[in-house]
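1. I would like to see how this sequence folds:
(chains A, B and C)
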Amino acid sequence: MLAYAIRRLLATIPVMVIVAIIVFSLLYLTPGDPAAVLAGEQATADDIARLRLALGLDDPFLVRFGHWVAGVLRGDLGTSVFSNRPVLDLIVQRLEPTVALTAASLFIAVLIAVPLGVVAAWQSGRIIDRLAMGFAVLGFSMPVFVLSYLLIMLLSVEWNVLPVQGYVPIAYGFWPWATHLLLPALSLGIVNAALIARITRASMLEILGQDYIRTARAKGLSAPAILIRHALKNAAVPIITVIGISFALLISGVVVTETVFNIPGMGRLVVDAILRRDYPVIQGIILIFSMAYVLINLLVDLSYGLFDPRIRY
Amino acid sequence: MSPAVPLPAAPLLELRDLDVSFRTEGGWLRAVQGLSFTLGAGETLAIVGESGSGKSVSALSVMRLIPDPPGKITGGDILYQGQSLLGFSERQMRQLRGNDISMIFQEPMTSLNPVLSIGQQIGEAIRLHQGADRPEARARALDMLRLVQIPEAEKRLDAYPHALSGGMRQRVMIAMALACGPRILIADEPTTALDVTIQAQVLDLMRDLKDRTKAAILLITHDLGVVAEMAERVIVIYAGRKVEEGPVRDLLRCPRHPYTRGLLGAVPRLGASLKAEKAGRLLEIPGTVPRLDQPIIGCAFAPRCAYAVDRCHRERPPLEARDPGHLAACWRAHEMEPL
Amino acid sequence: MSPRQSFGRLWRRHPTLIIGGLLLLLMGLAAVAAPVLGTIDPQTIAPFDRLRPPDGQFWFGGDLIGRDVYSRTVYGARISLAVGLGVALFSIILGLAVGLLSGFVRLIDQILMRVMDGIMAIPSILLAVALIALTGASLTNVIIAITVAEVPRVARLARSVVLSLKEQPFLEAAVTAGTPFLAILWRHVLPNMLAPLLVQGTYIFASAVLTEAILSFIGAGTPPAIPSWGNIIAEGRTVFHIAPHLVLLPGLALSITVLAVNLVGDGLRDHLDPRFVSRL
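-> Residues are numbered from 1 along each chain as shown, chains lettered A, B, ... in the order given. Presented below is the predicted three-dimensional model:
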C-alpha cells in the first residue's frame, strides 16, 4: 500500500511539470510583448522596460524557466508586480478562508447529493426521482453567483437570518465563523451537489440491478439496509471519483463566491490580480490550485481500496 | 360415535391459479398463467422448464420479489401455512424472507455482495431474524460454514467472495439460506453455473442438509438429471402453464406430455446440460418458445410438437389425471408409451 | 409513420429533448431578433432612468446609468450563444484532431495525453483568466481561452473511441484490404464519432456559456462595454440590495439558456445512447 502510494505520488510529477510548463509559457504565447499587455494602455515605454526587467523577459526562455522552477522548488513563487511582496506570502495570508469555504462546500455538497442520488435511484422513474433529477439539472445550469444572490435575498435580506458579507477567521470564535461561512458554502455546495447527485443515482441504479441486491432482499433486509449497506458501498468508487473531479468546479466556484460575498481568500486575490494585471500572482495561484487538484485526485485514487476489497495495490 | 376424521393439514405452501404478468412496450406479457401446486413439509418438488417458461418468475413471486414495475401478480393466490401471502404487508414479508422461506440463486459469482465479507453476509440474516448480537452471529456463521463443509472455515469468515471458487461461493449461498432454519428452501438452478464435478458435490450437500434440516425444497431447474437425483415430485411448465405433474419415477419412466419427452431426449444425463448450453443447443426440440404478449390459441406447444393434430391448434387441452397423481395437458396423453 | 406521430413518440420518450430544444430555439430567436425585440437601444444612457424600477417601458428596469436592462439582456443572448457555439465548434474540431492523432499515432500518444492531463489539472476558469489577462479582454479571446480549457475533454473522448474501434474486426479488415487511411477515417471512424461528439458538444456549449458569464462577472471576460449577461450582472451587483432585479432577471435568462442546452444534451444522450455516450 505504501509502495503503491509512493509510486502514484511519483506519477503525479510529470503532470505537475507539464502544468508548470503551461503556466510559465503562457506568458510567452501571447501575441506581442507580454510586458506591454501587462503594463496596460497608459504605460510609458519606461514602465514597460521596468516590467520586462522585473519579469526577466530579456533572458532566453530556458534560462527564465530554469530560474522560475528553481524558485518554485525553494518555495519562491515570484514577487507581486503590484505590491512587491512575495507571492507565496500573499497566498498564505489568504489560505484560511479559501480552505474553509472549499471544505464546507464539499461537505454540504456530499451531504445533499448522496442521499438525493440514493433515494432517486431507489424510486427510479417515480415522482421523487424526477424531482431530484430536475433539481440536479437546475443545479448545474444555474451559475453560482445567481444562486448566491437568490439565497442572499431569501435568507439575509428578507428574513435577516444570516450575515451577507465578509469572513470571520475561526480564531475569533466558531459561531461567527460558521454563520458567515454558511451562505457562501451553501450556494457553492448546492451547485456542486447537482453533478454528484447525478453520478450517485447512475451508479446506484447499476448496482441495484445486480444479483446480490436480490439476494439481500431475499434475506428479508429492509430498504435502508439494502441501500446503504449493500448498494452504496458498491456504488462508492464512481461517487468518490466524481467528488474528486468536482473539485475543479469547486475552485471556479470559490473564485466567484468569494467575489460575491467579499471573502478575502485566494479567489479574491486572483480577481484583484486580474484587475491589477499582476501576472506572477495569477501564475502562483494557478500552480497552487492545480497542485491541490492533482493531490485531491491522488487521495481519491488511494481511497478506492477502502470501499472495494477487490482492489489491491 | 364416529371416529374423529382429522382434517387434512394445510400444505406448507400452496399456489392457486397464480397469474404473473409483466408490462412491456407491446402490452402485458403473461409470464405465468393459472399455475397451481402444493408443497408439503419436508418435500422436494422440482419445477422444470426451458428458460423463459416462467419457472423462475413463479419462484420469485412466492417471495414476492418480482420487480414491480414492470412485474405484477395479477391473479390467484399464494398460501403459506394456509395464510395468503398476497395479503401480507411488506414488513410481514420481510419477516418471512430469509427466515421461514429462503432462496439460493443460479449465479454464485454474482449473487454474493463483493464488498462484504462472507461472515458479514451470513451473519446479517441471523442478526436480523434472531436478534443475535455481533459475536453470536459470527459464531453461528462459522457453524454454518462448517455445516456446508467449507475447509478452513475460520479463515473464510473474513474473506471476500472474490477469493472463493464458484463451488465454494455456492456453498456460502446455501449456508446463508439455511442460517435461520427455514421451512422452505427455494433453489433456482443451484448447480447450473458450476462445473460437472462441483455440481455433484453441491447436490450431495443439498441432499444431506435436507435430511438434517427437514426443510422443504422447491427446486427450479431445466435439468431432468438433477430432478432424478433430488426430487420426489415434478412439475413441468411450458409458456407459463403447467403441462405435466407427477411423482418423479412415474414421470421419468412414462412422460405423458411430448414436451417432457423432448426434455428427456435432449438432456440424457446429469451434467451434460452446461456444455450443451454453451454450444447453443440446450434443447433439441425444434422451434422456439411462443411469444407471451399475445393470446395463444390451442396448445402452446403444438407448433413445435411432433405429435400435434388439428385439434391441438384449436383447443387447449385440459390438465387431466392419467395415473394416480400424474397429470398431463395433452390431447394425446393416453397414447404415450413408457420410454 | 407520419411526422406528427414520430414527434408524439419523441415527446413521450424524451420530453427533455423537446423542452430544451424549444427553450433554446426561443433564446436563439431572441438573439437573432434582438434589434426588433429590444425596445430601447441597449447603449443609450439616460440619467433620469437610473435604477428605474421595472415598468411597461423598461421591462427589466434601468441600470446604474439608466440603460434599459431588458434590451441589454436580449442583446446579451447574442454574446452567450456566440460564445457557446464558438467554443463547442472549435473545441470539437481541435479535440477531434488531437484525439485522432493520439489514437492512431502511437509515437505521440503519450506526449499528447500528458499535455492534456496537464491542461485538465488546471482549473478551467483560472486557465481562461490567465489567457485573457495576457491577451487582453475581447470576445474572440474569451472564446479562445475557454476553448483551450475544453479541448482535453474532447480529445480524451475521441481517443477512446478510436482505441475501441481499433479492436473491431471491420476496421482490421478494412486495413488489411488496403483501404486508404482517409477513407477509413471517413467511412468507419467519423460516423462512430458523431453521436458521442454531438452529446459532448452540447455539454461544452452549456459549460462555455456559464464560464463566459463567470469570467465577465469577475472582470476577466468580455470588455465591459459589451452587454454580456455576466457584465450586466456584475454591474447590477453593486446595487443588489436596492435593485435585486438587475441581477436576478439577467441571471434568469442565463440560467434558462444553460438549462435548455443541458436538457438537449441529456435528451440527445438518452436518445442516441450509443455505447460511447453512456460513458459521459
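2. and residue B:300, backbone torsions?
-> The phi/psi pair for residue B:300 (degrees, to the nearest 10) reads phi -60, psi -30.
3. quick one: residue A:55 and residue A:279 touch, right?
-> Yes. Contact criterion C-beta atoms under 8 Å: residue A:55 and residue A:279 qualify, at 7.4 Å. C-beta: built from backbone N, CA, C; applies to glycine.
4. These two: who's more crowded?
-> The residue with more neighbours, out of residue A:55 and residue A:279, is residue A:279; 24 against 19, by other C-beta atoms under 10 Å in any protein chain shown.
5. Quick check, the more buried one in contact with residue C:133.
-> Yes. Using C-beta under 8 Å, residue A:279 makes contact with residue C:133 at a distance of 6.5 Å.
6. Now for chain A, the helix or strand with the poorest mean pLDDT.
-> helix A:34-39 (a mean of 71; mean pLDDT, DSSP states H and E).
7. and what of chain B?
-> helix B:272-278 (a mean of 43).
8. helix or strand right after that one?
-> Using DSSP states H and E, the helix or strand that follows helix B:272-278 towards the C-terminus is helix B:310-314.
9. Flag every buried residue along that following helix.
-> The neighbour-count check on helix B:310-314 (16 or more other C-beta atoms under 10 Å in any protein chain shown) flags residue B:312 as buried.
10. list the helices and strands the helix or strand just after that helix packs on?
-> Under the assignment DSSP H and E, the closest C-terminal helix or strand after helix B:310-314 is strand B:320-323. Applying 3 or more C-beta pairs under 8 Å, 6 or more residues apart in numbering or on different chains; DSSP states H and E, one finds that strand B:320-323 contacts strand B:326-328.
11. Show me what the strand it packs on is packed up against.
-> Strand B:326-328 sits against strand B:241-247, strand B:320-323, with contacts defined as 3+ C-beta pairs under 8 Å, 6+ apart.
12. so what's residue A:239 closest to, chain neighbours aside?
-> Spatial nearest neighbour of residue A:239, excluding adjacent residues (C-beta to C-beta, 6 or more residues apart in numbering or on different chains): residue A:200 at 5.2 Å.
13. give me the number of residues near that neighbour?
-> Residue A:200, neighbours per other C-beta under 10 Å, totals 30.
14. so which helix or strand takes in the residue in the stretch 101-250 of chain C that chain A sits nearest to?
-> Per C-beta to the nearest C-beta, residue C:118 is where the stretch 101-250 of chain C lies closest to chain A, at 3.1 Å. Secondary structure assigned from DSSP H and E places residue C:118 in helix C:106-121.
15. same check, this time on residue C:28
-> Going by DSSP H and E, residue C:28 is part of helix C:15-32.
16. okay, and for chain A, where does confidence drop off?
-> By pLDDT under 70, the low-scoring segments of chain A are A:29-34, A:37, A:157-158, A:312-313.
17. For it, just list every one of the helices.
-> A:2-29, A:34-39, A:45-55, A:61-73, A:87-93, A:95-122, A:127-139, A:144-151, A:174-208, A:211-218, A:223-224, A:233-261, A:266-276, A:279-307 (DSSP state H).
18. contacting residues for the closest residue to the residue of the stretch 101-250 of chain C closest to chain A other than its chain neighbours?
-> Nearest non-adjacent residue to residue C:118, counting by C-beta to C-beta, 6+ apart: residue A:18, 3.1 Å away. For residue A:18, the contacting residues are C:114-115, C:117-118, by C-beta atoms under 8 Å, 6 or more residues apart in numbering or on different chains.
19. rerun at 10 Å
-> Residue A:18 makes contact with A:290, C:111, C:114-119, C:121-122 under the criterion C-beta atoms under 10 Å, 6 or more residues apart in numbering or on different chains.
20. what's the answer for residue B:308, then?
-> Residue B:308 neighbours (C-beta under 10 Å, 6+ apart): B:258, B:298-299, B:301-302, B:330-332.
21. where's it relative to residue C:12, distance?
-> Applying C-beta to C-beta, to the nearest Å, the value for residue B:308 to residue C:12 is 42 Å.
22. what do you get for residue C:131?
-> 45 Å.
23. Equivalent analysis for residue A:25, please.
-> Counting by C-beta to C-beta, the gap from residue A:25 to residue C:12 is 53 Å.
24. And the two? Which one has more around it.
-> Taking neighbours as other C-beta under 10 Å, residue A:25 and residue C:12 compare with residue A:25 leading, 12 against 9.
25. Need the pLDDT of the residue nearest the centre of chain C.
-> The centre of chain C sits closest to residue C:205, judged by C-alpha atoms, centre = their mean, with a distance of 1.6 Å. What the model reports as pLDDT for residue C:205 is 93.
26. For residue A:217, list the residues it contacts.
-> By C-beta under 10 Å, 6+ apart, the residues touching residue A:217 are A:223, A:225-226, A:230, B:60, B:63-65, B:67, B:93-94, B:97-98, B:103.
27. Ok, residue B:337 next?
-> Counting by C-beta under 10 Å, 6+ apart, residue B:337 has contacts B:254, B:261.
28. element containing it?
-> Per DSSP H and E, there is no helix or strand for residue B:337.
29. Look up how far chain C lies from it.
-> 51 Å (C-beta to the nearest C-beta, to the nearest Å).
30. what touches both of residue A:55 and residue A:279?
-> In contact with both residue A:55 and residue A:279: A:27, A:34-35, A:38, A:78, A:81, using C-beta under 10 Å, 6+ apart.
31. Any idea how far stretch B:296-307 is from the middle of the chain?
-> 25 Å (C-alpha atoms, centre = their mean, to the nearest Å).
32. and if you look at stretch A:8-26?
-> Its chain's C-alpha centre and that of stretch A:8-26 lie 18 Å apart, by C-alpha atoms, centre = their mean.
33. Just the buried positions in it, please.
-> Within stretch A:8-26, the residues that count as buried by 16+ other C-beta under 10 Å are A:12, A:15-16, A:18-20, A:22-24, A:26.
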